[in-house]
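Colleague: I would like the atomic coordinates for the input below:
(one chain, ligands or ions: 2)
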Amino acid sequence: MRKNIRLLLNSTVGKLPRRDLWSAAVPAGATDAETLLTRRALVTGITGQDGSYLAEHLLAEGYEVWGLVRGQANPRVRRVRQLLSDVRLVRGDLLDQGSLISAVERVQPDEVYNLAAISYVPMSWQQAELTGEVTGLGVLRVLEAIRVCSGISASRSPTTGQIRFYQASSSEMFGKVRESPQTEQTPFHPRSPYGVAKAYGHHLTQNYRESYGMFAVSGILFNHESPRRGAEFVTRKVSLGVAKIKLGFERQLRLGNLGASRDWGFAGDYVRAMHLMLERDEPADYVVGTGVTHGVGELVELAFKVVGLDWHDHVVTDAAFIRPAEVDRLCANPAKANSELGWDPKIGFEELVTMMVEADLELLSVSGGHAEDSFGSDAW
Ligand code: NAP
Ligand code: GDD
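Modeller: Ligands and ions are numbered 1, 2, ... in the order given. So this is what the prediction gives:
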């Protein structure tokens, strides 16, 4: 296991690639140059839920963190600037190969975390081609940027100083599940254009590892939530809906399939697993989840219970939220992550739902019922 080593280096090793420096022994007399080395991470999707938690985690681990941001006037960039002020920003878009090469060249990262995606499953039917381009081919473009900038080719293997790559794969790839719980070996049967695009990115990451010897890994993460979750996802839709009803801003909450089940965890726990995967000596893929599944109906019941209301009085099912093809039930077997990474989740389902409802009650109380930016009140 690598350590987060900060080395004092003398000028003789100052020209080595950064990763070689971490594995190099500190030479005699190293203290005289006093160059403090910090690991550098580039995170795509920095404006999203996971990007924010991962950036905080890496900063706390002593990293220099860079976030890739897109768009001419992306409103979420201002929020990142204000609230993750230690994160440095670089422009780029997963649709634009040249921009990714420029970003990798500029940042010279030791680790790249590819969290950017169109991640809302229903949108992937409405904009299937765009989803394929961003969520699927975007992975290829990031890997190519790393490969080109590292000078790796079929005939030239990476050196020990190579850039390590993390891909945000998804339990949505299991789709119509072939077995339960799902492991790293469970075959994929994706049920949405999003799931298909993620499966492409997953296989491509394995392929770059096998073709070029790159340190490229995928985390197959099950659903993870927080007060920073986008308002379109069911947990946050429910926590916001419950808070609005409790505070008298709304009377009804319209939902789709209450019969689906998910393995829900806390996003803050899951970003630790991402980092641990890049700390390993050998690259490998890991399933990350709690191993416990709950129904959407259970989520709804619990969230209303937190504020002392009965969900039957407020929830209406609406066919508009039913998907063309559903993933009925997901449940992780996180045994490999547990034994090899030493990872396990700290926050359970009840605590998570309570945290989200309470955060939204606070947010809406302060804002008078508005939650346009969709992030909760926990430090955002
Ligand atoms: P999220 O909140 O939806 O964030 C998605 C991020 O992708 C945003 O920062 C967005 O930036 C960025 N993005 C979208 N299109 C882009 C483009 N063309 N170029 C560059 N950036 C672009 O997602 P999340 O919940 O944090 O999830 C992070 C990753 O994990 C995603 O890949 C998701 O598919 C995957 N995943 C999530 C879960 C989960 O339960 N949360 C589970 C498994 C896998 P803008 O602000 O510019 O839109
Ligand atoms: N969003 C939403 N809105 N979902 C609803 C609703 C509703 O009104 N009513 C019922 N659901 C059900 C969906 O049909 C689905 O079965 C379940 O709630 C969870 O939906 P989401 O919260 O939208 O998440 P997801 O499971 O489709 O996808 C999330 O998790 C994946 C990992 O399994 C996303 O974060 C993906 O990006 C991620 O890969």
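Colleague: Near ligand 1, which residues of the stretch 151-300 of the chain are found?
Modeller: Within reach of ligand 1 by CB under 6 Å from any ligand atom, the stretch 151-300 of the chain has these residues: 168, 170, 221, 223-224, 230. Glycine gets a C-beta too; all of them are placed from N, C-alpha and C.
Colleague: Taking the residues you listed, please make a ChimeraX selection of just the buried ones.
Modeller: Restricted to buried positions by 16 or more other CB atoms under 10 Å, the ChimeraX selection for these reads:
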select :168,170,221,223,224
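Colleague: is it fair to say residue 254 lies in a strand?
Modeller: Yes: assessed by DSSP: H, G, I helix; E, B strand; the rest coil, residue 254 belongs to a strand.
Colleague: tally of neighbours for the residue nearest to it when sequence neighbours are not counted?
Modeller: Counting by CB to CB, 6 or more residues apart in numbering, the nearest residue to residue 254 once its immediate chain neighbours are dropped is residue 318, at 4.2 Å. Here the number of neighbours of residue 318 (other CB atoms under 10 Å) works out to 12.
Colleague: same deal with residue 64?
Modeller: 18.
Colleague: Torsion angles phi and psi at it?
Modeller: phi -90, psi 120 (degrees, to the nearest 10).
Colleague: wait, doesn't it sit right on residue 41?
Modeller: Yes: assessed by CB atoms under 8 Å, residue 64 is found in contact with residue 41 at 7.4 Å.
Colleague: got the buried residues for stretch 198-209?
Modeller: When burial is assessed from 16+ other CB under 10 Å, stretch 198-209 yields the following buried residues: 198-202, 204-206, 208-209.
Colleague: Can you lay out these as CSV showing pLDDT and distance to residue 88?
Modeller: Formatted as CSV, the buried residues of stretch 198-209 follow (pLDDT from 0 to 100; distance: CB to CB, whole Å):
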residue, pLDDT, distance to residue 88
198, 99, 28
199, 99, 33
200, 99, 30
201, 99, 26
202, 99, 29
204, 98, 28
205, 98, 25
206, 98, 31
208, 98, 26
209, 97, 28
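Colleague: where in the stretch 1-150 of the chain is pLDDT low?
Modeller: For the stretch 1-150 of the chain, applying pLDDT under 70 flags the ranges 1-36.
Colleague: ok, the residue in the chain that ligand 1 sits nearest to - how many residues close by?
Modeller: Here the chain gets closest to ligand 1 at one residue, residue 48, 2.1 Å apart by CB to the nearest ligand atom. By other CB under 10 Å, the residues close to residue 48 number 21.
Colleague: check contacts around the closest residue in space to it that isn't next to it in sequence.
Modeller: Nearest residue to residue 48 in three dimensions, chain neighbours excluded: residue 115, at 6.2 Å (CB to CB, 6+ apart). With contact set as CB atoms under 8 Å, 6 or more residues apart in numbering, residue 115 has these partners: 43-46, 48, 50-51, 54, 168.
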